[in-house]
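A.B. asks: Here is a sequence together with a model predicted from it:
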Amino acid sequence: MLVSSLLLFSSMDISPPTNDLSATTSASAQSMTSSTTSKATAEMNNSLQLDANVGRFVSESFESVGDMTINDISITELLSTCIDACRRGCEVIRNVRHKLVQSSNVVGSDSQFFCCSAVKYKITNDPRSALTEADEASQKVITECLNDSWAKEISGGLIKIVGEEDEGADDFVDSVSLHDMMAHFDKYNSPRIDQEPIQRDLLSRSDNTKILDSISEAACNEKNELIIFIDPMDGTREFVENRIENVQCLIGITLNGKPIAGAVGMPMIHENKIEIAYGIDLPSNSQQSTSSSSLSKISGVKYFNALNPLVKQSSVTDTGMGDYIDGEDDVKKLVILSGDSKKPALEMSMKCLKRDVLGSFGDSVPPTRKIIAGGCGNKMLFVQRRFQAISERIRHQEGTDLSSTIGSISLAPPGSSSWDTAGPTALLLAADPNAIVTDLVGRPLVYDGEHLSNDCGVVVSAGHMATRIHREMCEKL
């Protein structure tokens with residue numbers, strides 16, 4: 001009933017995805033436009049799997065590009081390089097902030113503390129469109145790391161990189177030639193790749209990644225396409241307003257439109273360390289054994305000693321938006337997260353959630369805790385980590401199970417893009433296979449590398465009750 005009204009508030013026309021691989025994220029896969037790829041394209045019948053020992057793609061028949069195939073790409077090595085690249089991008093963010101804090105560009109208050117010379121806006125007077133030197137400089141470092149690690153695969157069309165600042169005009173950072181790239185690393189005190197090579201083995205056998213479930217045929221087609229989505233600094237507005245615990249660096253890997261792995265960097269929640277959360281979420285194959293399937297979803301955290309200092313202020317905390325479990329009774333609460341946007345689509349969705357969905361519960365409606373927070377990835381990570389914290393507590397309580405969890409739900413209006421959600425989605429589904437990520441009307445998000453805007457917003461939920469509420473809200477919208 002409300003869907004036609006809701007779509008009027010989207011920023012672009014919406015093309016519904018052609019595939020629906022469950023209520024989680026997915027998309028119709030698109031072929032790469034590389035001329036090299038088109039010459040080597042061959043019709044085939046895919047049976048794409050991951051090697052049990054090294055997590056490497058294998059298939060009896062595959063698409064080749066020159067002498068390279070998708071068989072040459074290890075998903076664990078690819079994610080390892082993304083984690084390392086993310087860490088170096090986080091160093092850039094810390095470096096830029098430290099310089100701004102120490103310079104005359106600081107106004108002094110905790111809100112909007114960077115003056116106009118340090119910030120530009122893609123949309124005039126819209127703080128959500130802020131652009132800083134950290135955005136551009138971080139992306140240059142990350143893309144150089146990945147290009148160095150996967151040069152043949154990228155030039156051959158097997159891997160495509162899509163970054164938020166790809167179409168930027170180098171407002172803060174001059175175009176960098178290959179000869180000067182190492183000077184760019186030095187400028188931001190980020191480890192040079194010619195002196196400290198990108199690590200391909202951060203996910204070693206000790207991390208239980210030596211056996212990964214095969215990718216189901218539902219996730220494969222004749223055009224196997226890997227895309228790496230980069231958001232070099234998610235939460236630029238938060239960076240500008242000194243809410244730095246909400247700032248993240250996001251890298252997501254998709255296969256044929258499905259997020260399968262990701263790295264979420266948190267550059268400024270610790271004074272002396274950089275934290276990188278990561279996850280692998282591979283579709284289960286029903287033919288595989290239960291023990292093998294359980295290893296298709298892996299999540300963890302890496303910590304790196306930070307090279308760039310962080311000026312500790314009261315806004316910097318280790319938990320960002322507060323504790324994931326705020327008191328003994330919090331596990332019985334539904335946490336609702338959103339930003340402070342006044343967009344009609346979000347207001348309509350929140351009204352539907354409270355009046356039409358929660359209102360229908362009557363006396364059995366769960367108590368709620370509302371959180372207003374910035375950063376798309378930040379809110380998604382909170383949903384994941386709260387679910388993990390509650391699950392851990394429940395597992396230690398005799399006679400309870402995860403079906404009793406209330407959980408969390410996050411709502412965001414139109415405005416986010418593929419690079420905001422790809423990485424966090426993989427992390428969330430790796431932690432909770434029953435979590436849901438859709439747009440505001442219940443459709444999977446699109447990851448084709450071309451249609452980049454989440455035109456109808458994003459809804460994220462984890463926990464038994466939260467996912468039920470998620471579905472009901474989307475049906476009513």
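C.D. replies: Structure received.
A.B. asks: residues in contact with residue 134?
C.D. replies: Residue 134 makes contact with 92, 93, 96, 97, 232, 233, 236, 239, according to C-beta atoms under 8 Å, 6 or more residues apart in numbering. Any C-beta I mention is one placed from the backbone N, CA and C, and that applies to glycine too.
A.B. asks: Next, format those residues as TSV and append neighbour count.
C.D. replies: Formatted as TSV, the contacts of residue 134 follow (neighbours: other C-beta atoms under 10 Å):
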residue	neighbour count
92	31
93	31
96	23
97	24
232	28
233	31
236	25
239	27
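A.B. asks: where in this protein is pLDDT low?
C.D. replies: Residues of the chain that meet the criterion pLDDT under 70 lie in 1-72, 104-130, 166-179, 204-223, 283-295, 312-322, 398-403.
A.B. asks: what ranges do the helices span in the stretch 51-200 of the chain?
C.D. replies: Under the criterion DSSP state H, counting those that start in this stretch, the stretch 51-200 of the chain contains helices at 75-102, 133-149, 151-155, 181-187.
A.B. asks: Figure out which of these is closest to residue 448.
C.D. replies: Across the helices of the stretch 51-200 of the chain, residue 448 has its closest neighbour in helix 151-155 (17.8 Å, C-beta to C-beta).
A.B. asks: And the closest one, what's buried?
C.D. replies: By neighbour count on 16 or more other C-beta atoms under 10 Å, the buried set for helix 151-155 is 153, 154.
A.B. asks: before we move on, back to that, tell me which of the contacts of residue 134 is nearest to residue 162?
C.D. replies: Once C-beta to C-beta is applied, the member of these that ends up nearest residue 162 is residue 232, at 12.0 Å.
A.B. asks: isn't the closest one right up against residue 162?
C.D. replies: No. Counting by C-beta atoms under 8 Å, residue 232 does not reach residue 162; the two are 12.0 Å apart.
A.B. asks: hmm, back to that, possible to save the contacts of residue 134 as CSV with distance to residue 196?
C.D. replies: Output for the contacts of residue 134, formatted as CSV (distance: C-beta to C-beta, whole Å):
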residue, distance to residue 196
92, 15
93, 18
96, 20
97, 22
232, 20
233, 22
236, 27
239, 26
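A.B. asks: want to throw the helices of the stretch 51-200 of the chain into TSV with distance to residue 333?
C.D. replies: Listed next are the helices of the stretch 51-200 of the chain as TSV, based on distance: least, C-beta to C-beta, whole Å:
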stretch	distance to residue 333
helix 75-102	32
helix 133-149	35
helix 151-155	46
helix 181-187	45
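A.B. asks: which one of the ones you listed lies closest to residue 433?
C.D. replies: Nearest to residue 433 among those is helix 75-102; the distance by C-beta to C-beta comes to 17.6 Å.
A.B. asks: mind listing what's buried in the closest one?
C.D. replies: Across helix 75-102, burial judged by 16+ other C-beta under 10 Å covers 75-97, 99-101.
A.B. asks: State whether residue 446 and residue 257 are indeed in contact, as I suppose.
C.D. replies: Yes. With contact defined as C-beta under 8 Å, residue 446 counts as touching residue 257 (7.0 Å).
A.B. asks: Can you show me the strands along the stretch 251-400 of the chain?
C.D. replies: 258-266, 273-281, 297-305, 334-338, 368-372 (DSSP state E, counting those that start in this stretch).
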